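Participant: When you get a sec, could you give me coordinates for this:
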Amino acid sequence: MKKLIRKQCAQHNPIEQELSHGSKGPGIDGITEDDYDDRYFNTGGLYGHGAYFADDPQKSHNYTSVDPNNETYIMFYNK
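Facilitator: I've put the predicted structure just below:
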């Protein structure tokens, strides 16, 4: 993946970042089964249609909710 990004963005010198993404309910299953498929992106977000990521995990945690089956919260770490 890094090679592909470097090839496509050679003139921009892409920088790798560590970001988090918080999700809940069906969003979790969609990500684990279909990755970040844009068919499932949020349409009512502040910046429009898309998946949102944060450099501060606490921000992403604000978009999670507890799973009543196992009392856990789900966040995705992305690099």
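Participant: Checking the residue positioned nearest the centre of the chain next. Helix, strand or coil?
Facilitator: Centroid-nearest residue in the chain, with C-alpha atoms, centre = their mean: His21, separated by 3.8 Å. Of the three states, His21 takes strand under DSSP: H, G, I helix; E, B strand; the rest coil.
Participant: Tell me who's in contact with it.
Facilitator: His21 sits next to Ile31, Tyr36, Ala51, Tyr52, Phe53, Ala54, Ser60, Met75, Phe76, Asn78 when contact means C-beta atoms under 8 Å, 6 or more residues apart in numbering. C-betas here are computed from N, CA, C, even on glycine.
Participant: Quick check: the third one touching Tyr36?
Facilitator: So the one you mean is Ala51. Yes. Ala51 is within contact range of Tyr36, at 5.0 Å (criterion: C-beta atoms under 8 Å).
Participant: who has more neighbours, these two?
Facilitator: It is Ala51, of Ala51 and Tyr36, that has more neighbours when counted by other C-beta atoms under 10 Å, with 18 against 14.
Participant: so how far is Cys9 from the more buried one?
Facilitator: Ala51 sits at a distance of 19 Å from Cys9 (criterion: C-beta to C-beta, to the nearest Å).
Participant: What of Tyr36?
Facilitator: Applying C-beta to C-beta, the value for Tyr36 to Cys9 is 18 Å.
Participant: Kindly report the same for Tyr73.
Facilitator: Distance from Tyr73 to Cys9, by C-beta to C-beta: 34 Å.
Participant: how about the longest helix seen in the chain as PDB, C-alpha atoms only?
Facilitator: The helix that spans the most residues within the chain, counting by DSSP state H, is helix 26-34. The C-alpha trace of helix 26-34 is given here as PDB (Å, rounded to 0.1, in the frame of the first residue of the first chain):
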ATOM      1  CA  PRO A  26     -23.700  -1.800  12.200                       C
ATOM      2  CA  GLY A  27     -20.800   0.500  11.400                       C
ATOM      3  CA  ILE A  28     -18.500  -1.900  13.200                       C
ATOM      4  CA  ASP A  29     -19.600  -4.900  11.200                       C
ATOM      5  CA  GLY A  30     -19.300  -2.900   7.900                       C
ATOM      6  CA  ILE A  31     -15.700  -1.900   8.600                       C
ATOM      7  CA  THR A  32     -14.600  -5.400   9.700                       C
ATOM      8  CA  GLU A  33     -16.300  -7.000   6.700                       C
ATOM      9  CA  ASP A  34     -15.900  -4.400   3.900                       C
END
